[in-house]
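Colleague: Need coordinates for the following:
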Amino acid sequence: MTDPQQSLKGQCHCGAVKFEVALSDGFKTLRRCTCSYCTMRGAAVVSAQLADIHFTQGEDKLTLYQFKTKTARHYFCSVCGIYTHHQRRSNPTQNGVNVACLEGISPFDFDIIPVFDGQNHPADSNNKTLGKVVGQLHFKREPQ
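Modeller: Numbering: from 1, shown residues only. This next block holds a predicted model:
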């Protein structure tokens with residue numbers, strides 16, 4: 001895998017949207033979420049500060065999707081439909097970046113991905129702690 005402290009290149013499936021990003025804490029922020037949107041989308045994400053993602057091509061091809069509180073801002077390519085990133089609801093100073101869009105990185109590179117409770121979001125109650133881990137996704141390659 002690439003050194004996550006360096007700027008990583010990323011793109012959507014068709015290549016219409018291309019970007020560079022520096023991750024906030026490398027791959028230590030890797031996660032999935034149980035909110036209704038993330039459950040259907042199925043992406044694994046890592047965090048980056050808003051200012052640390054730079055679009056080198058196709059920013060105008062990004063389409064915005066928002067739901068419920070309209071705090072989180074989910075972006076996807078208007079050509080191929082791939083989700084690239086979102087401005088986080090739990091920390092609006094950060095983006096969650098789809099690891100599958102990062103060059104040389106796959107969600108299947110990680111044996112375990114923590115899953116956070118997005119159905120009971122901290123912003124929906126008096127509980128202001130950051131999300132709670134409710135499980136893990138495990139991936140084990142079969143012997144070749």
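Colleague: mind listing the strands for this structure?
Modeller: In the chain, the strands defined using DSSP state E lie at 8-11, 18-21, 32-33, 45-49, 53-57, 62-65, 73-77, 83-87, 94-98, 112-116, 133-138.
Colleague: and for the worst-scoring helix or strand of the chain on mean pLDDT, what are the contacting residues?
Modeller: Sorting the helices and strands of the chain by mean pLDDT, DSSP states H and E puts helix 36-41 at the bottom, at a mean of 89. Residues outside helix 36-41 that contact it (C-beta atoms under 8 Å, 6 or more residues apart in numbering): 32-33, 65, 67, 74, 83, 118-119. To be clear about C-beta, it is placed using only N, CA and C from the backbone, and glycine gets the same treatment.
Colleague: what about the nearest residue to Thr63 once chain neighbours are set aside, how many residues close to it?
Modeller: In space, and not counting its chain neighbours, Thr63 is closest to Ser78: 4.4 Å by C-beta to C-beta, 6 or more residues apart in numbering. Neighbourhood size, Ser78 [other C-beta atoms under 10 Å]: 15.
Colleague: Tell me which residues of the least confident helix or strand of the chain come out buried.
Modeller: 37-38, 41 (16 or more other C-beta atoms under 10 Å).
Colleague: which residues pair with the residue lying closest to Gly96 once chain neighbours are set aside across the strands?
Modeller: Spatially, and ignoring its direct neighbours in sequence, Gly96 is nearest to Val45 (3.7 Å; C-beta to C-beta, 6+ apart). Beta-bridge partners of Val45, counted by DSSP bridges, are Arg31, Asn98.
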